[in-house]
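[1] return a 3D structure for these sequence lines:
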Amino acid sequence: MRTLPPPWPADRLYACLEIDQFPAQALCAFLPSMRHEAFVVTRQDANSHKSTVWASSPAAKSMKVLPGTPLMEVRRRHPRVRIVGRRRRFETALVRELGAALSDFTPRFEVLASGSCLLDLIHTPSARRLPVAELVLAIREEVARRTNLAEIAVGVSRSRLIARMMAGLAGPNDIKICHPQEESQILSFMSTRFLPHLSPACREKLRRYGLQKVGQIRRIERSELIKRFGPEGEKLYCMARGIDFAPPVVLGTAPQAVYTLTRDINHIPSLKRCLHHVADRLCFYLENRRLLADRVMLKIQYTDRKTVQKTRKLGMYSHDVSTVFAVSCRLLDEVYRRRVALKSIRLQTRHCRPDRGQLSLFETGKEMKSRRFRKGIHAARQDHRFDILLSAGELGVSVSRRAKPLPEGKHGITIGDLFSCADTTGLSDWQRQKNVHIGTVAPPHPRDLHHLQRCFTFAEIVHTFNREPLVEDFLRIDRHGRAATLFSVKIHRAASQPRHPEAASGKAWMDRFVVAVAPLVESGRFYSFLIQLDAREHRSQAMLDYLLRTAARAARHHLDVHIEFPHPSWETEFVLRSLKDNGIGICNGNPRKTEANAPTEVLATTDKGYLRHSGCCHVPERLGERGGSRVVPHRCRHVYTDGEILENLGDQIGLSQKVHSLAVVYANLPPEAAVGNAIRNLRMWSRITEEARSSGNGQATGRSVARQRSP
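    Numbers count the residues shown, from 1 in each chain. All right, here's what the predicted structure looks like:
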């Protein structure tokens, strides 16, 4: 009859395995040819005079070459000792092999990166089959066989701290066992150099104070230790009484997701869209690791480096995107009180538990459909390694099956029909490459913007000329606009064509527009304000001062302003110099001819150009003997001929060579005519530039286009 071994006389049993000179033994384990060779391992530059020995092989230790010895001294005294660099991949692989070997004896163990192993052997089948001495010997032999390690020291005790210290006290291939009721006596006579997790400064203080034994530390009061050793005084007080202060084994950092904004913004809808991306990343991380979160913490960082955070419970353990996003939105509304732009958004979960796959007993059909939908998205992201995959509905984008066209014009053609018939492939990409933005007047409803954005990267918002600007309108435009589309905004007629130019009134109107266009500014799609004067407005100093002061309100917020002067009296050197000195652009109204029936030169006062084609030529006509004049329409033609478009093209190319970016608008026309003219303009420009490049002339110029004009 087989007899059971005598039980361990305690309710705890810890065994610690210490691998001396772990980096060197890792090399010997994977490179058997170096097992009997004298070498040292360094983790620094071997050619530096400040480098020291990190680990020594058994043969090098027999030559008294210990860790901490300068490499220069090793080369001088022991020229045959080989110096090798640290191989981290060997150490990582060895740590994995140690874990695989120890898992055969107990499920509760931890392996540190330094090679130190701690096992909890109480209530394990191995502890019931073998005595403690035979058990730890079997563990050491099995680990040595599976990992090819030569020197393994083992310490056994019912205290984690004493087990570590006994392993440090044991020699190579030695076993030290501290039996119950002997811990206090053994710990008192243990040297302080075996105390783990102490800083070099603390060990130096222990040496200077003459504290060589742990029993000496035990006789010192707690307050005195904290006073002399600072935060480590508390650690010394506890370890002197057998309490282990080893850092806990972290299986992984707390699940979190961070979104760093490309631009500092304070637009709430845009921030919530970014927050939705963060919540999606966090939930994808939780689903991959089969974890459920109990609460979520939102941490935001402002532009001035200040941070604020707040935590809220989810109500139940979950990794659902909609649940986490809803709670995060409430946290953002509570936390974001300052009107300062944000720099980053962080979401972090607390108190996670494993997901056992348990479904709710009261799951509705809608919830089941949503769960299956999320499962499909998760599978697609795992297969194709997508960073984020969201539906348009989750992003808040309204998508219709059939685009609603604009009202029909006089010719019975709608914008939707025009785009369906015309081939607009590649036009938007060509505009972005050339930094030239050609477009038309924006439609009255923001939902119709996707028609124009199929080939145009610019739109002029003109409804603000007769209506007060509202933030809600620009929020809708920002929501339905593409990221590559730029917008200009026309200033209200009360500010651009006042009966009595008063600076206070103009500044008030400009302040309203600055506040209203904030969504476009924050999304980076604002181009400029447009102030269009009356065609009968003659040049006057009072009006010029009014325009400069009104535009200065927008310049304070680094927003561009362009002014269109229909009357030719404004085109003087003094006016142009005033606009240039104040950073105000000039809008070229084209076509427009002078009294001599000669085309005017396109002008630019800033690095942004602006050119408007209104479809009407205005010619000043003299009235009376005093030389007064009035502006009358020369011709009104909604559809430009090829010769007229080629003439406009020369002005556009000439202006593009003077500025950094150019905006060309076909305005005051029926929608279908404006779109047709703009598409033909784009095609002619792209064809001319391609011909110039193929002929070796480089870039087309205004003169080369003028030579191609029809007589």
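[2] counting neighbours, what do you get for Ile584?
    Using other Cβ atoms under 10 Å, Ile584 is surrounded by 24 other residues. Backbone N, C-alpha and C define where each C-beta goes, glycine included.
[3] residue contacts, it?
    Residues in contact with Ile584, defined by Cβ atoms under 8 Å, 6 or more residues apart in numbering, are Leu547, Leu548, Ala551, Ala555, Val561, His562, Ile563, Thr605, Thr606.
[4] please report phi then psi for the closest residue in space to the third one that isn't next to it in sequence.
    What it means is Ala551. Among residues not flanking Ala551 along the chain, Val561 sits closest, at 4.1 Å (Cβ to Cβ, 6 or more residues apart in numbering). The phi and psi values for Val561, taken as degrees, to the nearest 10, are phi -130, psi 130.
[5] is Val561 in a bridge, and if so with what?
    Applying DSSP bridges to Val561 yields these beta-bridge partners: Phe529.
[6] Glu110 against Leu118, yeah?
    Yes. If you go by Cβ atoms under 8 Å, Glu110 and Leu118 touch, sitting 5.3 Å apart.
[7] who has more neighbours out of the two?
    Leu118 (23 against 14).
[8] let me know the helix or strand that the closest residue in space to Val639 that isn't next to it in sequence is in.
    Once flanking residues are discounted, Val639 sits nearest to Ala673: 5.2 Å by Cβ to Cβ, 6+ apart. If you go by DSSP states H and E, Ala673 is part of helix 671-694.
[9] how far does that helix sit from the chain's center?
    Distance of helix 671-694 from the chain centroid (Cα atoms, centre = their mean, to the nearest Å) equals 38 Å.
[10] who are the packing partners of that helix?
    helix 415-421, helix 427-434, strand 436-441, helix 642-656, strand 661-666, helix 702-707 (3 or more Cβ pairs under 8 Å, 6 or more residues apart in numbering; DSSP states H and E).
[11] give me the mean pLDDT for that helix.
    Mean pLDDT, helix 671-694: 76.
[12] quick one on the thing from earlier: in strands only, show me the contacts of Ile584.
    Mapping these onto strands (DSSP state E) picks out Val561, His562, Ile563.
[13] let's have those in TSV, adding neighbour count and distance to Asp104.
    Below are those laid out as TSV (neighbours: other Cβ atoms under 10 Å; distance: Cβ to Cβ, whole Å):
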residue	neighbour count	distance to Asp104
Val561	26	77
His562	25	78
Ile563	25	84
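[14] wasn't Val154 part of a strand?
    Yes. Assigned with DSSP: H, G, I helix; E, B strand; the rest coil, Val154 falls within a strand.
[15] neighbours of it, just the number please.
    Look at Val154: counted by other Cβ under 10 Å, it has 24 neighbours.
[16] Ile83 too?
    Around Ile83 sit 15 other residues, with neighbours defined as other Cβ under 10 Å.
[17] what about it, distance to His36?
    Using Cβ to Cβ, to the nearest Å, we find Ile83 at a distance of 17 Å from His36.
[18] who's in contact with Asp545?
    Pro501, Ala503.
[19] mind running it again at 10 Å?
    Each residue near Asp545 by Cβ atoms under 10 Å, 6 or more residues apart in numbering is listed here: Pro501, Ala503, Ser578.
[20] also Cys329?
    Counting by Cβ under 10 Å, 6+ apart, Cys329 has contacts Ile268, Leu271, Lys272, Leu275, His276, Ala279, Leu298.
[21] closest to Tyr317 among those?
    Among the contacts of Cys329, Ala279 lies closest to Tyr317 (Cβ to Cβ), at 16.0 Å.
[22] pull the helix or strand with minimum mean pLDDT from this protein.
    Least confident helix or strand of the chain, by mean pLDDT, DSSP states H and E, is helix 415-421 with a mean of 36.
[23] I'd say Val278 and Ser328 touch.
    Yes. Val278 lies in contact with Ser328 (Cβ atoms under 10 Å); the separation is 7.5 Å.
[24] quick check, pLDDT for Ile265.
    The score at Ile265 is 76. That number is its pLDDT.
[25] just grab the bridge partners of it for me.
    Beta-bridge partners for Ile265, by DSSP bridges, are Leu342.
[26] correct me, but it touches Tyr302?
    No. At 11.4 Å, Ile265 and Tyr302 do not qualify as touching, with contact defined as Cβ under 10 Å.
[27] more neighbours: which of the two?
    Per other Cβ under 10 Å, whichever of Ile265 and Tyr302 has more neighbours is Ile265, with 20 against 17.
[28] wait, what's in contact with the more buried one?
    Ile265 sits in contact with Leu271, Cys274, Thr303, Ala341, Leu342, Lys343, Ala518, Pro519, Val521, Glu522, Ser523, Gly524, where contact means Cβ under 10 Å, 6+ apart.
[29] quick check: the farthest pair among the residues you listed?
    Lys343 and Pro519, at 19.2 Å, using Cβ to Cβ across the contacts of Ile265.
[30] residues touching Leu332, list them.
    Each residue near Leu332 by Cβ under 10 Å, 6+ apart is listed here: Ile268, Leu271, Lys272, Leu275, Leu298, Ile300, Lys310, Leu342, Ile345.
[31] now do the SS call for the fourth one.
    Here Leu275 takes the helix state, with states given by three-state DSSP.
[32] from Ile217, how far off is it?
    Leu275 sits 51 Å away from Ile217, going by Cβ to Cβ.
[33] what's the answer for Ala504, then?
    Separation of Ala504 from Ile217 (Cβ to Cβ) stands at 79 Å.
[34] same check on Ser223?
    Separation of Ser223 from Ile217 (Cβ to Cβ): 14 Å.
[35] and for the two, which residues touch both?
    Listed as contacting both Ser223 and Ile217 by Cβ under 10 Å, 6+ apart are Gly233, Tyr237.
[36] what about the two, which has more around it?
    Ile217 (22 against 10).
[37] what sits against the more buried one?
    188, 192, 195, 206, 209, 211, 225, 229, 233, 236-237, 239-241.
[38] how about it: what's its closest non-neighbour residue?
    Going by Cβ to Cβ, 6+ apart, Ile217 has Ala240 as its nearest residue, at 4.3 Å.
[39] list the contacts of Pro172.
    By Cβ under 10 Å, 6+ apart, the contact list for Pro172 reads Glu18, Ile19, Asp20, Gln21, Pro58, Lys61, Ala150, Glu151, Ile152, Ala153.
[40] burial measure for Glu334, as a count.
    As a burial measure, Glu334 scores 12 neighbours (other Cβ under 10 Å).
[41] ok, it - contacts?
    Leu298, Val308, Lys310, Arg312.
[42] which of those residues count as buried?
    Buried by 16 or more other Cβ atoms under 10 Å: Leu298, out of the contacts of Glu334.
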